[in-house]
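Student: next comes the sequence, and after it the predicted model I'd like to discuss.
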Amino acid sequence: MLVGIALLASLHPATLRAREDRQDPRKNYALIFGTVWGPDDHPVYGVKVLIRRTDKKKPGWELYSNHTGEFAQRLPAGKADYVIWADAKALKSLSRNKLQPGEEVTVHIESDERADIGLHLK
């Protein structure tokens, strides 16, 4: 009896929609892959990277560069423009000067593709 109730509950339309809304790793996606570079042209670890769609005001994604200065973010496949920038407020270079974020990078995505970028700190 309990198995029948559980089966009926799992077939409820709201439950089915919730399952469809979860990210399916088999679905197509776009990828932004990048490296954060310091003023000395060496990769920088632990830099916060922010990504937002150009039609939004606040970042939709936040991640950190790894030990080789690299980061990667999956995004929904489809035509969209994204702005990516480094938030280096809390970092210091070896010379004890605070690192400054460089220019923002705008990326245009058409479909399920990969875009490679570099973020340069000052």
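Tutor: Cool, got the structure.

Student: okay, now the unreliable bits of the protein?
Tutor: Across the chain, the ranges flagged by pLDDT under 70 are 1-25, 90, 92-96.

Student: what about the strands in it?
Tutor: Counting by DSSP state E, the chain has these strands, from start to end: 29-37, 48-53, 61-64, 70-76, 80-87, 105-109, 114-120.

Student: out of those strands, which comes closest to residue 99?
Tutor: Closest approach to residue 99 among these (CB to CB): strand 80-87, 8.6 Å. To be clear about C-beta, it is placed using only N, CA and C from the backbone, and glycine gets the same treatment.

Student: elements contacting that closest one?
Tutor: The contact analysis (3 or more CB pairs under 8 Å, 6 or more residues apart in numbering; DSSP states H and E) places strand 80-87 against strand 29-37, strand 48-53, strand 105-109, strand 114-120.

Student: now tabulate those in JSON lines and tack on distance to residue 73.
Tutor: Putting the helices and strands packed on strand 80-87 into JSON lines (distance: least, CB to CB, whole Å) gives the following:
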{"stretch": "strand 29-37", "distance to residue 73": "5"}
{"stretch": "strand 48-53", "distance to residue 73": "6"}
{"stretch": "strand 105-109", "distance to residue 73": "11"}
{"stretch": "strand 114-120", "distance to residue 73": "10"}
